[in-house]
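Asks: just coords:
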């Protein structure tokens, strides 16, 4: 496999894997909302959103992660069966994808049921936490192990911590912060890959620096806004 093609496929694999994790985090948040909410409309909306997120976002990302992982394994010296960590990651990815595909029809059935029920019957549906919760732990294990071996621990920590830190600075709502952190991780990854490709620098360095600069910019902007607010209040008094 040519180096440029290998980098492109690796970028797709890492992005889809990280996006898969982020999408499942959002799904878990929706499932938790449906489980604890006493408002029937919120429960209905959560189930509809879970079905939509599952079929439109999570399933495509899962398939992209699996297919790109197979391509990388077969087209690089890593091989498909040469290293135990590749075999374990592949087996866990296949298992997670299979469980996802088997579980989504039940999610669709529950979403359809949620649209026909009301009141106490709707609230009794609860949420969907067990399967996505276990799946999230498996995905985190796969993603961290693969990314650490492929691009180093610095990039892994940058993508796991800095988008979440930026989201925390922007909003105090947990569900909004989860979705924002997942989106930022994907955007920063693709921007860093693009910058590295055209400027000739390592993609991992570009992604890490971009994430750090973004965090510093957000923190600095919030401090400037706070200072301006305090100064305006002082001038008014």
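Replies: Here it is on my side, so go on. Source: prediction; values computed, not measured.

Asks: every contact and neighbour count from this point should use C-alpha atoms.
Replies: Noted.

Asks: run through the helices of this structure in chain order.
Replies: Taking DSSP state H as the criterion, the chain contains helices spanning 3-36, 40-53, 59-75, 84-116, 119-123, 130-151, 153-170, 174-199, 203-236.

Asks: got those as JSON lines, with mean pLDDT and mean neighbour count columns?
Replies: Formatted as JSON lines, the helices of the chain follow (pLDDT from 0 to 100; neighbours: other Cα atoms under 10 Å):
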{"stretch": "helix 3-36", "mean pLDDT": "85", "mean neighbour count": "21"}
{"stretch": "helix 40-53", "mean pLDDT": "92", "mean neighbour count": "21"}
{"stretch": "helix 59-75", "mean pLDDT": "89", "mean neighbour count": "19"}
{"stretch": "helix 84-116", "mean pLDDT": "89", "mean neighbour count": "16"}
{"stretch": "helix 119-123", "mean pLDDT": "81", "mean neighbour count": "15"}
{"stretch": "helix 130-151", "mean pLDDT": "74", "mean neighbour count": "16"}
{"stretch": "helix 153-170", "mean pLDDT": "78", "mean neighbour count": "18"}
{"stretch": "helix 174-199", "mean pLDDT": "83", "mean neighbour count": "18"}
{"stretch": "helix 203-236", "mean pLDDT": "82", "mean neighbour count": "15"}
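
Asks: quick check: domain ranges of the protein?
Replies: 1-151, 152-237 (automatic domain parsing).

Asks: how distant is the shortest one from the center of its chain?
Replies: Its chain's C-alpha centre lies 15 Å from the corresponding centre of domain 152-237 when counted by Cα atoms, centre = their mean, to the nearest Å.

Asks: and stretch 120-137, how far apart are its ends?
Replies: End-to-end span of stretch 120-137 (Cα to Cα, to the nearest Å): 32 Å.

Asks: show residues contacting it.
Replies: 21, 24-25, 27-28, 30-40, 43-44, 47, 96, 110, 114 (Cα atoms under 8 Å, 6 or more residues apart in numbering).

Asks: any idea how far the residue nearest to residue 205 when sequence neighbours are not counted is from residue 163?
Replies: Nearest residue to residue 205, sequence neighbours excluded (Cα to Cα, 6 or more residues apart in numbering): residue 155, at 7.5 Å. Applying Cα to Cα, the value for residue 155 to residue 163 is 12 Å.

Asks: next up, the contacts around the residue lying closest to residue 15 once chain neighbours are set aside.
Replies: Nearest residue to residue 15, sequence neighbours excluded (Cα to Cα, 6+ apart): residue 186, at 6.3 Å. By Cα under 8 Å, 6+ apart, the contact set of residue 186 is 15, 18-19.

Asks: now distance to residue 171 too, for those, in TSV please.
Replies: Converted to TSV, these look like this (distance: Cα to Cα, whole Å):
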residue	distance to residue 171
15	24
18	21
19	20
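
Asks: just the residues you listed now: which is nearest residue 199?
Replies: Nearest to residue 199 among the contacts of residue 186 is residue 15, at 20.2 Å by Cα to Cα.

Asks: ok, that closest one - contacts?
Replies: Residue 15 neighbours (Cα under 8 Å, 6+ apart): 186, 189-190.
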